[in-house]
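Chemist: test case, fold it:
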Amino acid sequence: MVRLMGSRPQLWLAGVLFLGVWVLSGCGGSNSKTGGTVKGKVTVDGTAASSGVVAFTSANGTTLKGGIEKDGTYKVANIPPGEAKVAVISSTPAVAPGGGGKAAPIPKTADMPETGSDGGGPPIPAKYAKVETSGLSTTVKAGENTYDIPLSAK
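Modeler: From the prediction side, this is the model:
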């Protein structure tokens, strides 16, 4: 009996230590906002894009998106630091490659952010809609980053 009584304070202390480690492991863990925020302006042949979505795909496969405002600006937060491939997706029909008329608009999905309404800006060429064909990339650092995206319709 004496031994049981003596182990209860040790058990209590072990429980407190476990709880402390568990609580502290939640602080600064996977939920922490250590990624970068990227903001900039999207232009097509020097004219501000007025709508659409900018998508950053990090090396670990995470894709984060932000809407393009009427003035061509965008902002995407919490991107993991490191190299990221970039796609710019039109919310209006774009000219199909080879001048074959208009391409179908990109269907809106639940994970797409709100975009600025189309204020008559230039259409975003379809080749920029996928990271595999856009040719766009940047290195994201923790904190604030600026990445202007000049696109060409040619």
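Chemist: neighbouring contacts of stretch 74-81?
Modeler: Stretch 74-81 is contacted from outside by 33-42, 54-56, 58-60, 62, 64-68, 140-142, using Cβ atoms under 8 Å, 6 or more residues apart in numbering. All C-beta atoms are positioned from the backbone trio N, CA, C, and that covers glycine.
Chemist: the same query, at a cut-off of 7 Å, please.
Modeler: Identification of contacts with stretch 74-81 by Cβ atoms under 7 Å, 6 or more residues apart in numbering yields 33, 35-40, 42, 54, 56, 58, 60, 62, 64-68, 140-142.
Chemist: average pLDDT for it?
Modeler: Average pLDDT, stretch 74-81: 97.
Chemist: where along this protein do the helices fall?
Modeler: For the chain, the helices defined by DSSP state H occupy 2-26, 131-134.
Chemist: check Gly120 and give its pLDDT.
Modeler: At Gly120, the pLDDT value in this model is 72.
Chemist: before we move on, what about Phe18?
Modeler: 49.
Chemist: do Lys154 as well
Modeler: Residue-level pLDDT assigned to Lys154 equals 85.
Chemist: any idea how far it is from Val88?
Modeler: Lys154 sits 16 Å away from Val88, going by Cβ to Cβ, to the nearest Å.
Chemist: pLDDT score assigned to Leu11?
Modeler: For Leu11, the model assigns a pLDDT of 51.
Chemist: try the one 10 residues further on
Modeler: At Val21, the model reports a pLDDT of 42.
Chemist: let's test this: name the helix or strand in the chain with the lowest mean pLDDT.
Modeler: helix 2-26 (a mean of 49; mean pLDDT, DSSP states H and E).
Chemist: tell me the strands in this protein, going along the chain?
Modeler: Using DSSP state E, the strands of the chain run over 36-44, 47-48, 53-58, 63-67, 73-79, 82-89, 136-140, 143-146, 149-151.
Chemist: and the first one, what does it pack onto?
Modeler: Think strand 36-44. With contacts defined as 3 or more Cβ pairs under 7 Å, 6 or more residues apart in numbering; DSSP states H and E, strand 36-44 has these neighbours: strand 73-79, strand 143-146, strand 149-151.
Chemist: in its sheet, which strands sit next to that strand, and in what direction?
Modeler: Applying DSSP bridges to the sheet, strand 36-44 is found paired with strand 47-48 (antiparallel), strand 73-79 (antiparallel), strand 143-146 (parallel), strand 149-151 (parallel).
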